[in-house]
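Chemist: whatever this is, show me its structure:
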Amino acid sequence: MTQVRDIAVIVGSLRKESFNRKIARALVAQAPASLKLEIVGIGDLPLYDQDLETATPPAPYVAFRERVKRAQGAIFVTPEYNRSMSAAMKNALDVGSRPYGQSVWGGKPAAVVSVSIGAIAGFGANMQVRQSCVFLDMPMLQQPEMYIGGAEKLFDEQGHLTSDSTKSYLDKFLAAYAAWVERILA
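Modeler: Sure thing, here's the model as predicted:
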């Protein structure tokens, strides 16, 4: 019997109806039986400030760290802002990596999906998230790389993914990620 793996999905766009959030929902819906994907909110995280690391850090820091710590892996779904990951994504990475020596990220198999209306599909942000994950000691799925461009054309008015080729692309990605998780956690 295959073990079901708990995977945190971190969406770097805070907009409720962002294309990144819609792709994250599609990933959750299409996940194979071996993966339980859950979107973990980052919108209420205060900007990381070491001065807040007291005996009672902010409740959103604590809740986020506890949730990610329970996860067995992470998928980052990121927009690209000015050729970079969003401030919200960077903040989530920073909050989870602190206090120093107590990172919740280490050893968790990771993957990145970048989503954009542009033709280069968030390449810069994707690479930045990957770079941060290397430092955070997260084994990163290398292939297939996930760049989703032209996102404004992929959904119906209810926010459901309508592109069969994108659905197929997500299935291929999820199968590869599921195998990666098992390889790393075996």
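
Chemist: residue nearest the middle of the chain, spatially speaking?
Modeler: Phe76 (1.6 Å; CA atoms, centre = their mean).

Chemist: my read is that residue is in a strand, agree?
Modeler: Yes. Membership of Phe76 in a strand is supported by DSSP: H, G, I helix; E, B strand; the rest coil.

Chemist: okay, and the beta partners of it?
Modeler: Ile10, Val112 (DSSP bridges).

Chemist: can I assume it is in contact with Val113?
Modeler: Yes. Counting by CB atoms under 8 Å, Val113 is a contact partner of Phe76 at 7.2 Å. All C-beta spots, glycine's among them, are computed from the backbone N, C-alpha and C.

Chemist: do a quick rundown of the strands in this protein.
Modeler: Secondary structure of the chain by DSSP state E: the strands cover 5-11, 35-39, 73-78, 110-115, 146-148.

Chemist: show me the contacts for the residue nearest to the centre of the chain.
Modeler: The contact partners of Phe76, by CB atoms under 8 Å, 6 or more residues apart in numbering, come to Ile10, Gly12, Met89, Ala110, Ala111, Val112, Val113, Val129, Cys133.

Chemist: flag the shaky bits of this protein, pLDDT-wise.
Modeler: The chain contains residues with pLDDT under 70 at 1-2.

Chemist: which helix runs longest in it?
Modeler: The longest helix of the chain (DSSP state H) is helix 164-185.

Chemist: residues in contact with it?
Modeler: Where contact means CB under 8 Å, 6+ apart, the residues beyond helix 164-185 that reach it are 5, 7, 23, 26-27, 30-32, 34-35, 72-73, 75, 107, 109, 111, 113, 139, 141, 143-144, 146, 148, 154, 161.

Chemist: and stretch 78-90, by the same measure?
Modeler: Contacts for stretch 78-90 (CB under 8 Å, 6+ apart): 10, 12-14, 18-20, 42-43, 45, 76, 112-116, 118, 122-126, 128-129, 132.

Chemist: ok, which stretches of the protein are helices?
Modeler: According to DSSP H, the helices that the chain contains are 19-30, 59-70, 87-97, 123-135, 164-185.

Chemist: just the buried positions in the third one, please.
Modeler: Translated: helix 87-97. Using 16 or more other CB atoms under 10 Å as the test for burial, helix 87-97 gives Ala88, Met89, Lys90, Asn91, Ala92, Leu93, Asp94, Val95, Gly96, Ser97.
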